[in-house]
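*Asks:* give me coordinates for this.
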Amino acid sequence: METVRSKQDTEMTAPKGFGWRGWLRWGWRQLTSMRNAIIMLLLLVIALIPASILPQKRQDPLLAQQWIDDSGVWGKILDALGFFNLLTAPWFAAIYILLFISLVGCIVPRSIQLVKDLKAGPGKVPHRLTRYDSYQSVETDLGEEEALEMVRGNLRGFRTVIRGNTLSAQKGYLREAGNLLFHMSLLGLLIVFGLSQAVSYRGQAIIVEGGTFANSVLSYDTFNRGILVSEDSLPPYRVTLDEMVPEFYEDGAPSAFRATVTVSENGEERSEVVRPNEPIVVGGANMYLSGNGYAPHIRITDADGNIALDEYVVLPDITQDYISTGVIKVPDVTSGPQLGFQATLFPTAQEMDGVIISVNPDALNPVLVTTTWTGDLGLDEGIPQNVYFLDTENMELVTEPVGKTEVGVLTTLGVGQSAEIPGGHGTIEFVDLARFAAFDMRYDPTLGWMLFFAVLGLSSLAGSLLIPTRRVWVRYEEGTLHAAAIGKRSDEGLDAVVSTTLGLKENS
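*Replies:* Residues are numbered from 1 along each chain as shown. The predicted structure is shown next:
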């Protein structure tokens, strides 16, 4: 038997009206929906988490590169995906831009609709009020005009419109306005966040007592800036650390810190005191006291009798007892291998069972203990290197036999003492001891705006959640007032509103 097929069977066509324009319209609606805007906001927050865990190249390129090298394949994969430079990663920018578009596409039409609703007032009364759960009716001796005016007087706080024998009332416009303000605040925060990354800068600098910091890129230990910040745009000023004073409890625990500085700015000098969480303003930037410690004055004389180093050396790694460790690099020797020292300072040294300990964080009896390395410091290769890290890959430790093992030779010095460098490489002298202060300079002109939008967002969100939205409809028919109200599903006060509207309950 031959199968007969109609033209409708043989020609399969796509649904009419859902071509590429339909797909674009559908995609736009999805993108600008409130639900997807919230989802993208959560994605943006989640995307920022790696920046708080992984070192970022903008903030600490050396630490980030070290993390990548130490992590092997995973480090390279994460680096290729932009996890070490998150704010410039394409996928992060995509989330940021899509959220921006979503908020704009959500705010604009809803704002237009709110303006139209405000102009038009409450909508018309539905034809059948008896279908609402809150429906009530009451007979009245008043005429139509008097009855509706009485109802209007009972609806305090509602916006009312009388149309013929009906009255429409609505309250809660501020709820939608608060909702829109909340999303506008999010949009404002996104804009301010983007501007902050472009116009702000942050740097860290360590200053030894008596030393001076000049505001230039080369003077910072670490420095990261926005794309609109140039080196020439940094305001000129100088900060001299006059005194760094830590205070301790009787048990040696730190209690307070203060750094007295002299600021030279705009041709004038002034004295300032910086404390933790109490920054001063210099050159438009906030200057925070972020740390402190010891910096011994070291003088190295090489084997040829020339002074190869004569400066204060910061020991940044500090325990609670202020036992401080760091490195001393001596690349400029006259002849022979370069020198490197791993140094530990004991503020109040005391020997116990042949081991040096510190019994007080104050420098009551400072003792410096060093071990010596010789070889190539790696400073001549042009590769950036952490000044507080000693690369011993091409160096050898100067050792001495202890039993059957070789251990590093320890050189112990008090203030004003000198000793021969093990291996005959000259002398090392512990000249003096000073304190250092670590400062954090932050310039961000958008912080005020960020606070403004954050407060506006929280307050408008609270308003959108707490302000109720209710609609009341009333119809007058042959001496009877019919009324009904709607609101949120969880609104249990609608019956009371209708009763108050009809005068069955005193207006509260």
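*Asks:* ok now stretch 462-469, how far from the chain's centre?
*Replies:* Using C-alpha atoms, centre = their mean, to the nearest Å, the mean C-alpha position of stretch 462-469 is found 29 Å from that of the whole chain.
*Asks:* please enumerate residues in contact with that stretch?
*Replies:* The contact list for stretch 462-469 (C-beta atoms under 8 Å, 6 or more residues apart in numbering) reads 170-172, 174-176, 178-179, 181-182, 487-488, 491. For every residue, glycine as well, the C-beta is placed using N, CA and C.
*Asks:* need the helices for the stretch 351-500 of the chain, in chain order.
*Replies:* Assignment of helices within the stretch 351-500 of the chain using DSSP state H, counting those that start in this stretch yields the ranges 447-466, 494-501.
*Asks:* and for the chain?
*Replies:* In the chain, the segments counted as helices under DSSP state H are 7-10, 20-31, 34-47, 49-53, 61-70, 72-80, 90-120, 144-154, 173-199, 447-466, 494-501.
*Asks:* quick one: Thr411 and Ile421 touch, right?
*Replies:* Yes - assessed by C-beta atoms under 8 Å, Thr411 is found in contact with Ile421 at 7.4 Å.
*Asks:* identify the contacts common to the two.
*Replies:* With contacts defined as C-beta under 8 Å, 6+ apart, the residues shared by Thr411 and Ile421 are Thr372, Ile428.
*Asks:* among the helices of the chain, which is the most enclosed?
*Replies:* Neighbour counts (mean count of other C-beta atoms under 10 Å) averaged over each of the helices of the chain peak at helix 494-501, with a mean of 21.
*Asks:* how about that one as CSV, C-alpha atoms only?
*Replies:* As requested, the backbone C-alpha atoms of helix 494-501 are provided in CSV (Å, rounded to 0.1, in the frame of the first residue of the first chain):
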residue,chain,number,x,y,z
LEU,A,494,-6.1,43.4,54.6
ASP,A,495,-9.4,42.6,56.3
ALA,A,496,-8.7,45.3,58.9
VAL,A,497,-7.9,47.8,56.1
VAL,A,498,-11.2,47.0,54.3
SER,A,499,-13.1,47.4,57.6
THR,A,500,-11.5,50.7,58.3
THR,A,501,-12.2,51.8,54.7
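*Asks:* tell me the angle that helix makes with helix 144-154.
*Replies:* Taking axes from the mean of the first three to the mean of the last three C-alpha atoms, to 10 degrees, one finds that helix 494-501 is oriented at 130 degrees with respect to helix 144-154.
*Asks:* so what's Pro126 closest to, chain neighbours aside?
*Replies:* Trp473 (6.3 Å; C-beta to C-beta, 6 or more residues apart in numbering).
*Asks:* what's near enough to touch Glu420?
*Replies:* Gly426, Thr427.
*Asks:* who does it form a beta bridge with?
*Replies:* Judged by DSSP bridges, the bridge partners of Glu420 are Thr427.
*Asks:* if I look at it, how far off is Arg489?
*Replies:* Glu420 is 87 Å from Arg489, where distance means C-beta to C-beta, to the nearest Å.
*Asks:* same deal with Arg58?
*Replies:* Separation of Arg58 from Arg489 (C-beta to C-beta): 49 Å.
*Asks:* surely Ala253 and Gln320 touch.
*Replies:* Yes - the pair Ala253 and Gln320 passes the contact test of C-beta under 8 Å, sitting 7.3 Å apart.
*Asks:* quick one, what contacts the closest residue to Asp432 other than its chain neighbours?
*Replies:* Spatially, and ignoring its direct neighbours in sequence, Asp432 is nearest to His297 (4.1 Å; C-beta to C-beta, 6+ apart). The contact partners of His297, by C-beta under 8 Å, 6+ apart, come to Glu311, Tyr312, Val313, Phe430, Val431, Asp432, Leu433, Ala434.
*Asks:* please repeat the previous calculation with a cut-off of 7 Å.
*Replies:* Contacts for His297 were tallied using C-beta atoms under 7 Å, 6 or more residues apart in numbering; they are Tyr312, Val431, Asp432, Leu433, Ala434.
*Asks:* tell me the buried residues within the residues you listed.
*Replies:* Buried positions within these, assessed by neighbour count (16 or more other C-beta atoms under 10 Å), are Tyr312, Val431, Leu433, Ala434.
*Asks:* doesn't Ile300 make contact with the second one?
*Replies:* This means Val431. No - counting by C-beta atoms under 7 Å, Val431 sits too far from Ile300 to count as a contact (10.6 Å).
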